[in-house]
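>>> Turn this into a structure:
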Amino acid sequence: MKRRRIAVILAVIVVAGLIYYFKFYLPGLSDSEIKASGHIEVTEVDMSFRIAGHVAKLFVDEGMKPKKGELLAELEQEVIKARRDQAEA
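The predicted structure is shown next:
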């Protein structure tokens, strides 16, 4: 009977410790700062339009990985129309 009581008390302590660990200790770890040394490979691409103008809309943000053929940006339409009209004249 005494061994069973000790086993139950130990089980309660272990369960309470696990609850504390997962409820209070682990969430604090994700907020902590990590310091490490290493190498970060950077890929940078220069892009341009065929004609000069002001960018009206950006369809992607920095860090996104667009797919082939996906629109990245759009120029202001007034500039494009003015250049087209000038070329037709």
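>>> residues of whatever helix or strand residue 15 lives in that come out buried?
Assigned by DSSP states H and E, residue 15 falls within helix 2-20. Across helix 2-20, burial judged by 16 or more other Cβ atoms under 10 Å covers no residue at all. C-beta: built from backbone N, CA, C; applies to glycine.
>>> residues of stretch 60-76 that come out buried?
Buried, per 16+ other Cβ under 10 Å, within stretch 60-76: residue 75.
>>> Take that stretch, keep the C-alpha atoms, and write them as PDB.
Once non-C-alpha atoms are left out, stretch 60-76 reads as follows in PDB (Å, rounded to 0.1, in the frame of the first residue of the first chain):
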ATOM      1  CA  VAL A  60       5.400  40.200 -55.500                       C
ATOM      2  CA  ASP A  61       7.100  41.000 -52.200                       C
ATOM      3  CA  GLU A  62      10.800  40.700 -51.300                       C
ATOM      4  CA  GLY A  63      11.600  37.100 -50.500                       C
ATOM      5  CA  MET A  64       8.800  35.600 -52.500                       C
ATOM      6  CA  LYS A  65       9.600  33.000 -55.200                       C
ATOM      7  CA  PRO A  66       7.600  33.800 -58.300                       C
ATOM      8  CA  LYS A  67       6.900  31.100 -60.900                       C
ATOM      9  CA  LYS A  68       8.000  31.400 -64.500                       C
ATOM     10  CA  GLY A  69       5.700  33.700 -66.400                       C
ATOM     11  CA  GLU A  70       4.100  35.300 -63.300                       C
ATOM     12  CA  LEU A  71       3.600  39.100 -63.400                       C
ATOM     13  CA  LEU A  72       6.000  40.900 -61.100                       C
ATOM     14  CA  ALA A  73       5.200  44.600 -61.600                       C
ATOM     15  CA  GLU A  74       3.100  46.900 -63.800                       C
ATOM     16  CA  LEU A  75       4.000  50.300 -65.300                       C
ATOM     17  CA  GLU A  76       1.800  53.300 -65.200                       C
END
